[in-house]
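[1] the sequence and its predicted three-dimensional model are supplied below.
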Amino acid sequence: MSFNLSGTLRSLRTNAATTAAKLATTASRATGRGAGGMIGGLIAGAIDPQIMANLGGGRPAVLVTGTNGKSTTTRMLAAAVRSEHKVATNDGGDNMDAGIISALMAGKDASHLVLEVDELHVPHVADNLNPQALVLLNLSRDQLDRVGEINKIERALRGAVEAHPDMLVIANCDDVLMTSVAYDAKNVIWVSAGAGWLGESVTCPRTGGHIVRDEDDWRAVKPLPDGREFRRPTPTWRVDQDGLHTPQGDKELSLSLPGRANRGNAAQAIAAAVEGFGVDEAKAIAATESVNDVAGRYSTITLGDREIRLLLAKNPAGWQEALSMVDRSADGLVIATNGHVADGIDMSWLWDVRFEDFENLAVKAAGERGTDLAVRLVYADISHELIPDPVKAIESCPPGRIEVLANYTAFRDLKKALERKVKENANG
């Protein structure tokens, strides 16, 4: 009889970490401090540094990463894979170690893992879980004070792909940086998911050579160090206004979520489910179309005589896309910005966003950094009113449909405040 002491100790440590995490989660919920997922994951990771790999257990996993669209794509992909398998996923958007560990603990009985992962965390999460597939959405400037320069992220992701040569990569060939990440992958599915923001697509990340665009096509004028041309690959999956074009033919795509970017997210989610896990294409499309809410984003809250639609944006590319979704016929528009660590303290990104086309809407600038936003709106020649409290800003709008666009903590806090007011009104 053999006795595996090291394996037994690992199991005991993982069990202890899981038990402590459950206690912390319960305490957090009982005291009203939150759902408890993050604190549970933090404690579990501190007790057992190997817990992510241990909980992963070699189960088939797919990681989803990129600057924008991670939560939406993960929700769509999880729905698609769930049509045929039992799935563990971090659908709350907690995409760093603690959130991933919490998702693994909550989904210990699942057969498949669908995980949103922060770009900076992909290399070591991939090392811990050895994923079957990786979905690469897009890369653009984000929180410079946390993430740093975008080419650093491209190199880190490229290193993760190189370290896992058998991993299937589902990459957006319309994004120059993500194409560079996946360009040498042995197993890659190219998806034309679109590229609404081109701010980081002017040079090749590998050579610095200029990128030339011709309608949908793009190429670098300077060859790669090994002499190859760096050019947009030919996609086998493609999405446009007419629908989804797959290797099996053209399909209709009727999403519940708005916007061009979400059609691209859906295309990559469906491709990953079908190509990575063999999910039936029709089932994957139907499941993706059924997703109508992502952690409250795109949700509508009725407060008195106002119908308030909430949109989230976190960086220039995301803001530009979200601004395109704003209903120009609405009765008011509230834009709220905070500047916490989770948002990025550096607010210089405001000057990369085009606010110039809201002259026909009653605009309110709100949030803790509403003054920064108001200055930007002055230079955009947008008539507006500065009302720091987002709820009061909404209440100052005319009755009717109110569009609200907010960054991360402003969105989170406003959603809670609105839900609280709705409950108070209901209770009289």
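    Alright, I've got the coordinates.
[2] in stretch 299-308, which residues are buried?
    Under the neighbour-count criterion of 16 or more other Cβ atoms under 10 Å, stretch 299-308 has Ser299, Ile301, Leu303, Arg306, Glu307, Ile308 buried. The C-beta positions use only the backbone N, C-alpha and C, and glycine is treated the same way.
[3] dump those residues into a markdown table; add secondary structure as well.
    Shown next, in a markdown table, are the buried residues of stretch 299-308 (DSSP: H, G, I helix; E, B strand; the rest coil):
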| residue | secondary structure |
| --- | --- |
| Ser299 | coil |
| Ile301 | strand |
| Leu303 | strand |
| Arg306 | strand |
| Glu307 | strand |
| Ile308 | strand |
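[4] the helix or strand where Leu311 lies - contacts with which helices or strands?
    Here Leu311 sits within strand 306-312, counting by DSSP states H and E. Strand 306-312 sits against strand 300-303, helix 316-325, helix 390-395, strand 400-406, helix 408-426, with contacts defined as 3 or more Cβ pairs under 8 Å, 6 or more residues apart in numbering; DSSP states H and E.
[5] the ones you listed: which one's closest to Arg213?
    Checking these against Arg213 by Cβ to Cβ gives helix 316-325 as the closest, at 16.8 Å.
[6] ok so, going back, give the rounded mean pLDDT of the strand holding Leu311.
    For strand 306-312, mean pLDDT is 93.
[7] in its sheet, which strands sit next to it, and in what direction?
    Strand pairing for strand 306-312, determined by DSSP bridges: strand 300-303 (antiparallel), strand 400-406 (parallel).
[8] show me where the stretch 101-250 of the chain has helices.
    For the stretch 101-250 of the chain, the helices defined by DSSP state H, counting those that start in this stretch cover 122-129, 150-163, 176-182.
[9] render the CA-only coordinates of the shortest one in CSV, please.
    When you say that, I think you mean helix 176-182. The C-alpha coordinates for helix 176-182 follow below in CSV (Å, rounded to 0.1, in the frame of the first residue of the first chain):
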residue,chain,number,x,y,z
VAL,A,176,-4.3,44.4,-34.8
LEU,A,177,-3.0,43.8,-31.3
MET,A,178,-5.0,40.6,-30.7
THR,A,179,-4.0,39.4,-34.2
SER,A,180,-0.4,39.8,-33.1
VAL,A,181,-1.0,37.8,-29.9
ALA,A,182,-2.4,34.9,-31.9
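[10] and that helix, how far from the chain's centre?
    17 Å (Cα atoms, centre = their mean, to the nearest Å).
[11] do the same with stretch 343-355
    18 Å.
[12] okay, and for the protein, where does confidence drop off?
    Applying pLDDT under 70 to the chain flags residues 1-42, 44-46, 142-148, 199, 428.
[13] which residue would you name as the spatial centre of it?
    Geometric centre of the chain, nearest residue: Lys70, 2.2 Å, by Cα atoms, centre = their mean.
[14] what's the nearest residue to that residue if we skip its chain neighbours?
    Excluding the flanking residues, the one nearest Lys70 by Cβ to Cβ, 6 or more residues apart in numbering is Glu116, at 4.5 Å.
[15] that'll do, ta.
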